[in-house]
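In: Give me the fold of what follows.
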Amino acid sequence: MRINPFIVLLAIIFTLSCLIPVNASNEAQTEKHQQLFADVVKDNGTNAELLADKLSIEFDKCPKTFTEELNTQGKETIKLIAELTTYGHYFEDFSGYKERVNELADSTAKTELQNSIDSILGANTQVGNAEDYSATTESFDVETIKHFIDVNLQIGEVNEEFFHTIGWVFRTDPILFAGLMEEYDKDEQEYLAKAVAYDCGKNDYSALTFRRDGIQRTSNKSLDLLIRELGNPENKKLESFFSEENADGTLNGTKSTYTPTIGAILYGSSPIEVGAPVSLTVKYTESAHTSVARSYWTEIYCIRNGNSYLCSSKYVTIPAGSSTVTGTYTLTFTDVGPVYTLVKVYSTQNGTLLESRQGANPDYTKGRWRIQVALPTNRDYKGTLTLYRANGSSVMSCQCLGRSAYNYNMYTQFGHTPTGTYTGVLGGPDGDTNAYGAYKYVAMTGVSGVIISSGRSGIWIHGGRYPYSNTSATWYPLSPTLGCVRIAPTDQQSLQDNITSLTSSTGYHFATGNISIYET
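Out: Model prediction:
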């Protein structure tokens, strides 16, 4: 039978026309896989869950091609990609994924995929009572209050705003505050106890008697000291905090009744950061009696929300032969928001008020929000995340999970959430809402601790993969991660909304906050 050459030519052209797109498609897929593998190698952990989802999708398209191309990579890269691919499948169709892996031909990639399956299965067989561990939520941020105390003891100024803050802290949780005081020496403890008693007495808190009666006697000497000072009527007088030397103006020059003028009132920084010492300069002028030195007792008040607090005080002297002097003060603030500065000049301490002046415009104090993440040593259990304002008060608290899906230790890639201190900012929401949740996440940068010594990075606080399918798991309903801290969707929204509110123009908190992750 004679074959028509024209028909043969058409058949060849048709065959080639079918092959060319297929080859082009394969080349594009190969290029896509190679780029995805390269992205995994370059990633510092920030996009681990996103990459896991992408890898699982590419694997499902054609397991054979995926593993063949994976075999061209180095051993460490193959292991890394195998773990991410397995993690991406763990939360859906895991049994089907295992079957597809078993059907693959023998190869290094298949072996590593099977190893990762065994590892993740072995790491996630924990069952038990999900209520076995519960971290205690501190009613105030102990680290913030300790910082306030340390700074104010170092400066040595009588500061009523500081007194009010630790007074509030004591009333919030007397036992916890008394425990905090134990870290200080005897003189410092007595000063703090008097400061608390002064604030409670000044503000006439009606619940104070009840709180004193309700506190059980313990062996805590600081608590005994606090209770004793609360009953001392002398602590209602601010004068009791000043030494006799400070009260004697003759040690600082000749006391004067000549009225000065109060000039410029300037802070050394703007905005003023809560908890950080800030310098204040005030210019005083008296030009009618330059033949003598003129000494004055000066007081600096901050006025916030209608409340006036003495923040600094000292004698200033205009030397003989001069008409002006600049008084320099060191202040600290313990809360955020607009604050007006009031300067008063007296002939002596407790003497005649000669002059006063309040700044026409407010200055602003801003602070950093803080997150404390308390995780159990046994990461099979959930921990507690608490958000605090810059003044140390609690905003919200929720459950969290810092467990690795592979149950690796903190020093290993894809291991448990590393402990340490971090800075953090809101980011997102991420496009992969399945992995990271529908709301904003907290992107963290390590500062100290295991997060630095381990060499890890890319740790976030986020939602996603919720709820976990195994209701008997100790971490239910939160899903294990590849190193991040996981929280529930409603808590992720609450965290987003609260930080957004704190960092708004009327929230007076910096965009960057401080985060502490520790084991209890």
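In: Could you use CA atoms for every contact and neighbour count after this?
Out: Will do.
In: Now stretch 142-149 - C-alpha only, CSV.
Out: The C-alpha trace of stretch 142-149 is given here as CSV (Å, rounded to 0.1, in the frame of the first residue of the first chain):
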residue,chain,number,x,y,z
VAL,A,142,6.9,42.9,86.5
GLU,A,143,9.8,43.8,84.2
THR,A,144,8.4,47.2,83.4
ILE,A,145,7.7,48.0,87.1
LYS,A,146,11.2,46.8,88.0
HIS,A,147,12.7,49.2,85.4
PHE,A,148,10.7,52.1,86.8
ILE,A,149,11.9,51.3,90.3
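In: Can you list the buried residues in that stretch?
Out: Across stretch 142-149, burial judged by 16 or more other Cα atoms under 10 Å covers V142, T144, I145, K146, F148, I149.
In: Report how many residues lie close to K54.
Out: Other residues near K54 come to 17 when the count uses other Cα atoms under 10 Å.
In: quick one: which helix or strand includes it?
Out: Using DSSP states H and E, K54 maps to helix 48-61.
In: Mind listing what's buried along that helix?
Out: Applying 16+ other Cα under 10 Å to helix 48-61 flags A48, E49, L50, L51, A52, D53, K54, L55, S56, E58, F59 as buried.
In: Could you do stretch 150-159 as well?
Out: V151, N152, E157, V158, N159.
In: now swap in stretch 225-244 and tell me
Out: So for stretch 225-244, counting by 16+ other Cα under 10 Å, buried means L225, L226, I227, E229, L230, E234, N235, K236, L238.
In: Which members of these occur in helices, if any?
Out: With DSSP state H as the criterion, helices contain L225, L226, I227, E229, L230 from among those.
In: What pLDDT does the model give the third one?
Out: Among the per-residue scores, I227 shows a pLDDT of 85.
In: just use 31 as the starting number from now, easier for me
Out: All right, first residue 31 from here; so that's I257.
In: so Y436, which of the three states?
Out: What DSSP: H, G, I helix; E, B strand; the rest coil gives for Y436 is coil.
In: which two in the buried residues of stretch 180-189 are spaced the farthest apart?
Out: Distances among the buried residues of stretch 180-189 were taken as Cα to Cα; the most separated pair is V181 and V188, at 12.1 Å.
In: Kindly reformat the ones in helices among the buried residues of stretch 255-274 as a markdown table and extend each row with distance to F200.
Out: Output for these, formatted as a markdown table (distance: Cα to Cα, whole Å):
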| residue | distance to F200 |
| --- | --- |
| L255 | 13 |
| L256 | 9 |
| I257 | 11 |
| E259 | 13 |
| L260 | 11 |
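In: Let me know the closest of these to G494.
Out: L256 (46.5 Å).
In: can you tell me which residues contact the closest one?
Out: L256 makes contact with A208, A223, K224, V226, A227, according to Cα atoms under 8 Å, 6 or more residues apart in numbering.
In: Tell me where the model's unsure across the stretch 131-280 of the chain.
Out: By pLDDT under 70, the weakly predicted segments of the stretch 131-280 of the chain are 156-165, 234-249, 273-280.
In: Walking through it, point out its helices one by one.
Out: With DSSP state H, counting those that start in this stretch as the criterion, the stretch 131-280 of the chain has helices at 138-153, 172-185, 190-202, 204-211, 216-233, 238-244, 251-260, 274-277.
In: again with the stretch 331-480 of the chain
Out: 463-466, 480-483.
In: most packed of those?
Out: Of all those, helix 463-466 has the most neighbours on average by mean count of other Cα atoms under 10 Å, namely a mean of 20.
In: Just give me how far that helix sits from the chain centre.
Out: 22 Å (Cα atoms, centre = their mean, to the nearest Å).
In: I'd like to know which elements it is packed against.
Out: Contacts defined by 3 or more Cα pairs under 8 Å, 6 or more residues apart in numbering; DSSP states H and E place helix 463-466 against helix 78-91.
In: next structured bit after the helix it packs on?
Out: Following helix 78-91 in sequence, per DSSP H and E, is helix 93-100.
In: Report the contact partners of S377.
Out: Counting by Cα under 8 Å, 6+ apart, S377 has contacts K285, S286, T287, S325, Y326, W327, L383, L384.
In: Of those, which is the most crowded?
Out: That'd be Y326 among these, by other Cα under 10 Å, with 30 neighbours.
In: Can you pull out the residues in contact with the helix holding K84?
Out: Contact with helix 78-91 is made by 63, 66, 70, 96-97, 111, 114-119, 462, 465-466, 511-512, as judged by Cα under 8 Å, 6+ apart.
In: Buried among the residues you listed? Need that as a selection in ChimeraX.
Out: What follows is the ChimeraX syntax selecting those of the contacts of helix 78-91 that are buried according to 16+ other Cα under 10 Å:
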select :63,66,70,96,97,111,114,115,116,117,118,119,462,465,466,511,512
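In: Tell me which entries of the contacts of helix 78-91 lie within strands.
Out: Among the contacts of helix 78-91, none falls in strands (DSSP state E).
In: from the contacts of helix 78-91, which ones fall inside helices?
Out: Per DSSP H, these map to helices at 63, 66, 70, 96-97, 111, 114-119, 465-466.
In: list the contacts for M440?
Out: Contacts of M440 (Cα under 8 Å, 6+ apart): H446, T447, P448, T449, V480, S484.
In: for N391, what are its contacts?
Out: Counted by Cα under 8 Å, 6+ apart, N391 has contacts Y370.
In: Q219 reaches L253, doesn't it?
Out: No: applying Cα atoms under 8 Å, one finds Q219 not in contact with L253, separated by 10.1 Å.
In: still on that earlier bit, from the contacts of M440, keep the buried residues only.
Out: H446, T447, P448, T449, V480.
In: ok, of those residues, which one's closest to V308?
Out: For the buried ones among the contacts of M440, the nearest to V308 is T449 (31.7 Å; Cα to Cα).
In: I'd say the closest one and I545 touch.
Out: No: look at T449 against I545 with Cα under 8 Å: they stay out of range, at 10.2 Å.
In: Show me which residues of stretch 518-537 are buried.
Out: 518-519, 521-526, 528-530, 532-533, 537.
In: How about stretch 398-417?
Out: Residues of stretch 398-417 classed as buried by neighbour count (16+ other Cα under 10 Å): 398-406, 409-417.
In: quick one: contacts for the closest residue to L260 other than its chain neighbours?
Out: Closest residue to L260 apart from its sequence neighbours, by Cα to Cα, 6 or more residues apart in numbering: A227 at 4.7 Å. Residues counted as contacts of A227 (Cα under 8 Å, 6+ apart) are G197, L256, E259, L260, G261, N262, N265, K266.
In: again with E113
Out: E142, L143, S146, I147.
In: Nearest to G454 among those residues?
Out: S146 (31.5 Å).
In: re the thing from before, roughly how far apart are the residue nearest to L260 and C92?
Out: 73 Å (Cα to Cα, to the nearest Å).
In: Any idea which of the helices of the stretch 131-280 of the chain gets closest to P507?
Out: helix 138-153 (16.7 Å).
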